[in-house]
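Peer 1: Provided below for reference: sequence and predicted model.
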Amino acid sequence: MTPESEDGWFTRTRADQIPSQHEYAVQQAPSAGHPSRAQGGFEGEPQGPLRNGPQGQFQGEPQSRFQGQVHGQPDDDRYMWTHPEEEPLYPLSESEPEPEPLDENDAEDQGATGGAARARRTAALLLVPSVVTLVVGGYQLGHRQLWQDESASWWAATLSWSQLLHLLGNIDIVLAPYYALMHLWVSVAGTSVVALRIPSLAAMGLSAGLLALLGRRMFNSRVGMVAGLIFAVLPVTSRYGQEARPYALTVLAVLVATLLLYRALDDPRADRWGGYALSLPFTGMFHLVAALVLAAHLVLVLVVARKRWGAWAAVVGFCVVPVLLIALLGHSQSAQVSWISTDLKDLPQFPGQFFLSADGMYVTVGAAVLGLYFARRYSFVLLTWTLVPPVLLFASRSVLNLFLPRYLLFTLPAWALLAAVGVCGLAGLVGPRQRGLAVRQLVAGVALVGALAAVCLPDQRAVRVNPLAGQPDFQSAAAWLSVHQRQGDGIAFAGTRGVPIRTMAYNMRGSSAQPQDVFLAQSPAASGTYEGKPCAVPSTCAAGVERIWLVSTSTTASFYDGLPDKQRAVLTQQFQVVSEERFTGELRVVLLERRPPAAKKPPTVKKAHTVAKR
């Protein structure tokens, strides 16, 4: 990346335009109103690694060595430094892009008002993708009903702290930070569908803005803006921005950690490493799988400032302790993900399931493949970010059972970055080398975003369908049951796709008289589970109940499938089917009434036979 320009890999770089280290240090010395990289954080363009102190002075290589490589051998391959302590990393030849002249904003940044102008551009870069994501993701935020996993978030968030600790001791310890956050949130915002999903939507919106800043830090502002907009219009962003689960917060934590890592590499002061150290535990604590992004962080350190990898390793080694502790505690609860099963035959469907749009996947991946060429040294970072986590999870699927598309959502920003690099890099090859480059890149980027939004429009509708494809319509079932139930009715749950007690409880939470679970000996809150503790003697628990509503998610012909044998025996022997109501997603609500007692036959009277006297 050229040290004198923010245009990154997409500018033409001639060796005779690269100043010596001494000249560049003088040019880049901080002036009034334009703080240095060490003072300005990660808001700046990718010039921080070129300085090694607050005054812009270089340390390390002597000036003569650099000048000899750049100015002394015009016909040979020449190199450009990326860090004062590093060896040159890639060859520079006449085929490399040339730097365009400073535009008006760049020139303004060099003056006294540069700091304010830079702050305005940073704010725009952060806000535009964030607002677009909030608008797209916020559309029909409360239209789709909660599905079973979201109802688990609601249940855990509404427990008391002691009850929540009891629950986490039995299940979902890996989601403890998210449940604690949601517990605090619902105490203020309530438990409506919109309220439960606002944290995820806000996390997705902020993630889009931070992705734009990361794109500027790695490449230039246009790449950052386009990457943030690509991220905003993908259906998968809307899908998990409208879900009360920790996946959106995981994406946000990964982006924050990556930006803070850049801050630490720009200026290795203790406070910069401290920020990165604080962000790392949250990266893995919102979802353990996201800790695999550390592989991409390692490659980033080796590419940008490889002599600091020891400091990075020390910080990581210290900060992953909480994540490892949660992983060890969660190992005893691994049965809860035992249902995840993936084989080689399922791999062709994985990309479409990840992007939730086949057409969107083709556009994004196609541009990302092109971006691998233009990203140059950062292609290794982004390739590690996108491919290493799914490859590792698939290879370990027989042991960990964690190969699931939504668990890998934290790799989506890297795909968006690569796609933005591809389209902006392609735009840089068209037209004059020095004039209109920024406009061409923005136009090409906006065109790609528009095309992506158009082809993804049917999939945007699909992720808002109520209920989601393949999910039971508990909302309609609860509304129907609330109308037809009577005082004293009981309820029971069956099914082969999870027990629907949580979701039905959420959708009936406003009902004045809810039917009682007849086979429940201990409530979910008291037992520290989601389903509660079942009754040991079902016939005793069902005594005195005349009508039972059986809510079944069974996909077989028998709606009793999924019931324990003793409960099934009670329902089939002591009750009879009165009615059956079917709902979307193979959900059935069956009314059972107790069989009338069998009529007792009058005792037979034997007639006495008399013997006639002769």
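Peer 2: Looks like it came in fine.

Peer 1: tell me the helices in the stretch 101-250 of the chain, going along the chain?
Peer 2: Along the stretch 101-250 of the chain, the stretches classed as helices by DSSP state H, counting those that start in this stretch are 104-109, 114-138, 148-157, 161-168, 176-189, 193-218, 221-233, 235-241, 247-266.

Peer 1: Tell me which of those helices sits nearest to residue 356.
Peer 2: Closest to residue 356 of the helices of the stretch 101-250 of the chain is helix 235-241 (CB to CB; 4.5 Å). Heads up, the C-betas are built off the backbone N, CA and C, glycines and all.

Peer 1: picking up where we left off before, got the helices of the stretch 101-250 of the chain as JSON lines, with distance to residue 275 columns?
Peer 2: Shown next, in JSON lines, are those (distance: least, CB to CB, whole Å):
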{"stretch": "helix 104-109", "distance to residue 275": "25"}
{"stretch": "helix 114-138", "distance to residue 275": "18"}
{"stretch": "helix 148-157", "distance to residue 275": "29"}
{"stretch": "helix 161-168", "distance to residue 275": "28"}
{"stretch": "helix 176-189", "distance to residue 275": "18"}
{"stretch": "helix 193-218", "distance to residue 275": "14"}
{"stretch": "helix 221-233", "distance to residue 275": "20"}
{"stretch": "helix 235-241", "distance to residue 275": "26"}
{"stretch": "helix 247-266", "distance to residue 275": "4"}
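
Peer 1: tell me the most buried of the ones you listed?
Peer 2: Mean neighbour count (mean count of other CB atoms under 10 Å) peaks for helix 221-233 among these, with a mean of 29.

Peer 1: which secondary structure elements does that helix contact?
Peer 2: With contacts defined as 3 or more CB pairs under 8 Å, 6 or more residues apart in numbering; DSSP states H and E, helix 221-233 has these neighbours: helix 114-138, helix 193-218, helix 412-428, helix 437-455.

Peer 1: want to throw the helices of the stretch 101-250 of the chain into JSON lines with mean pLDDT?
Peer 2: Compiled in JSON lines, those are given as follows (pLDDT from 0 to 100):
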{"stretch": "helix 104-109", "mean pLDDT": "36"}
{"stretch": "helix 114-138", "mean pLDDT": "92"}
{"stretch": "helix 148-157", "mean pLDDT": "93"}
{"stretch": "helix 161-168", "mean pLDDT": "94"}
{"stretch": "helix 176-189", "mean pLDDT": "95"}
{"stretch": "helix 193-218", "mean pLDDT": "97"}
{"stretch": "helix 221-233", "mean pLDDT": "96"}
{"stretch": "helix 235-241", "mean pLDDT": "97"}
{"stretch": "helix 247-266", "mean pLDDT": "94"}
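
Peer 1: closest one to residue 559 among these?
Peer 2: Residue 559 sits nearest to helix 148-157 of all those, at 18.0 Å, using CB to CB.

Peer 1: What lies in contact with that closest one?
Peer 2: Helix 148-157 is contacted by residues 146, 164, 167, 172, 175, 178-179, 182-183, 185-186, 191, 196, 243-245, 471, 498, 500, 502-503, 505-506, 524, 530 when judged by CB atoms under 8 Å, 6 or more residues apart in numbering.

Peer 1: so where's the stretch 401-550 of the chain shaky on pLDDT?
Peer 2: Low-confidence segments of the stretch 401-550 of the chain (pLDDT under 70): 432-434, 498-499.

Peer 1: hmm, try it at 90
Peer 2: Applying pLDDT under 90 to the stretch 401-550 of the chain flags the ranges 401-403, 428-438, 468-470, 495-502, 509-514, 516, 523-524, 529-532, 544.

Peer 1: in it, which spans are strands?
Peer 2: With DSSP state E, counting those that start in this stretch, the ranges of strands along the stretch 401-550 of the chain come out as 490-494, 516-517, 520-522, 533-534, 547-552.

Peer 1: And residue 470, its phi and psi?
Peer 2: The phi and psi torsions at residue 470 (degrees, to the nearest 10) take the values phi 90, psi 0.

Peer 1: Next up, the contacts around it.
Peer 2: Residues counted as contacts of residue 470 (CB under 8 Å, 6+ apart) are residue 585.
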